[in-house]
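**Student:** After the sequence you'll find the predicted model.
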Amino acid sequence: QVQLVESGGGLVQPGVSLRLSCAGDGHTFSDYAMGWFRQAPGKDREFVASLSRSGGSTYYADSVKDRFTISRDNAQNRMYLQMNSLKPEDTAVYYCAADLNDGAYLSLKFNTWGQGTQVTVSS
């Protein structure tokens, strides 16, 4: 299975932007549907955004639609989450996920996970 490493988290003020990255190892990155999830303290992990192997199809949670953009660069073995207009309720550990089944970007059934990166939005 591909190994995933997230980066780009940090402490930011409300209203600013942040971009998360998810790097895959030497496996063929383009074979995997990918997604971003997050888990806030005391809450279950929730879906944020996902995209197909090619990146041509995307899917967003209603809570982030119009603020977050998911993308991928298969040549660089990377996936991104551009987060704009951040809110305190976006505070969470953000995880990237992958699955060889392209349909996973809609079913949200991923079997490979990264370790997560902390995003804190606070004034």
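**Tutor:** Done, it's in.
**Student:** Checking A49 next. Helix, strand or coil?
**Tutor:** Judged by DSSP: H, G, I helix; E, B strand; the rest coil, the three-state class of A49 is strand.
**Student:** dump the residue contacts of it.
**Tutor:** A49 is in contact with G35, W36, T58, Y59, Y60, A61, V64, F68, T69, I70, L81, counting by Cβ atoms under 8 Å, 6 or more residues apart in numbering. Glycine gets a C-beta too; all of them are placed from N, C-alpha and C.
**Student:** Buried ones in stretch 107-123, by neighbour count?
**Tutor:** Within stretch 107-123, the residues that qualify as buried are L108, F110, T112, W113, G114, G116, T117, V119, V121, counting by 16 or more other Cβ atoms under 10 Å.
**Student:** Spatially nearest residue to the first one (excluding sequence neighbours)?
**Tutor:** When you say that, I think you mean L108. F47 (5.4 Å; Cβ to Cβ, 6 or more residues apart in numbering).
**Student:** before we move on, back to that, which of the buried residues of stretch 107-123 sits closest to G8?
**Tutor:** When those are compared for distance to G8, the smallest value, 6.3 Å, is given by T117; criterion: Cβ to Cβ.
**Student:** any idea which helix or strand carries the one residue sitting closest to the centre of the chain?
**Tutor:** The structure's the chain has its C-alpha centroid closest to W36; by Cα atoms, centre = their mean the separation is 2.5 Å. In this structure, W36 sits in strand 33-39 according to DSSP states H and E.
**Student:** and the residue nearest to the centre of the chain, bridged to which residues?
**Tutor:** The residues paired with W36 through beta bridges, assigned by DSSP bridges, are A49, C96.
**Student:** shouldn't it be in contact with Y95?
**Tutor:** Yes - applying Cβ atoms under 8 Å, one finds W36 in contact with Y95, separated by 7.1 Å.
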